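J.: Below are the sequence and a predicted model for it; my questions follow.
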Amino acid sequence: MQALKKKDISIIPSNPAYDRKAKVELKALRVVAYCRVSTLLEQQEGSYEAQVSYYTEKIQQNPNWKLAGIYADDGKSATNTKKEMTSML
């Protein structure tokens, strides 16, 4: 029986061309909030303001995010929703 010959193996270290973490730190993401109240009930009168406040604070707390806008829909009909959604995108 013949002795097994050892193979020469070369390890080539990886050299990634794209580092996702580095890119996120260099450029802030533009983030929008979409707030909606779907009824006219008294219990939801402050809901819109609460949503705006929550999302504004949430976005401002993240150093990698930049508030690009707050969009709203009164929820009465979906006719204006398409225009608002297109504007967000």
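T.: In hand now; what should we look at? Numbers count the residues shown, from 1 in each chain.

J.: Can you tell me the number of residues neighbouring residue 37?
T.: Other residues lying near residue 37 total 19 when counted by other CB atoms under 10 Å. In short, each C-beta sits where N, CA and C put it, glycine included.

J.: Against residue 7, how distant is it?
T.: Using CB to CB, to the nearest Å, residue 37 is found at 69 Å from residue 7.

J.: Residue 47 now?
T.: From residue 47 over to residue 7 the distance is 69 Å, taken as CB to CB.

J.: Please apply the same query to residue 45.
T.: Residue 45 sits 76 Å away from residue 7 when distances are taken as CB to CB.

J.: Would you tell me which helix is longest in this protein?
T.: Looking only at the chain and at elements set by DSSP state H, the helix with the highest residue count is helix 47-61.

J.: and the next element down the chain from it?
T.: Tracing the chain C-terminally past helix 47-61 and defining elements by DSSP states H and E, one meets strand 65-73 next.

J.: can you tell me the average pLDDT over that next one?
T.: For strand 65-73, the mean pLDDT works out to 87.

J.: Report the angle between it and helix 47-61.
T.: Strand 65-73 and helix 47-61 meet at an angle of 170 degrees, taking axes from the mean of the first three to the mean of the last three CA atoms, to 10 degrees as the criterion.
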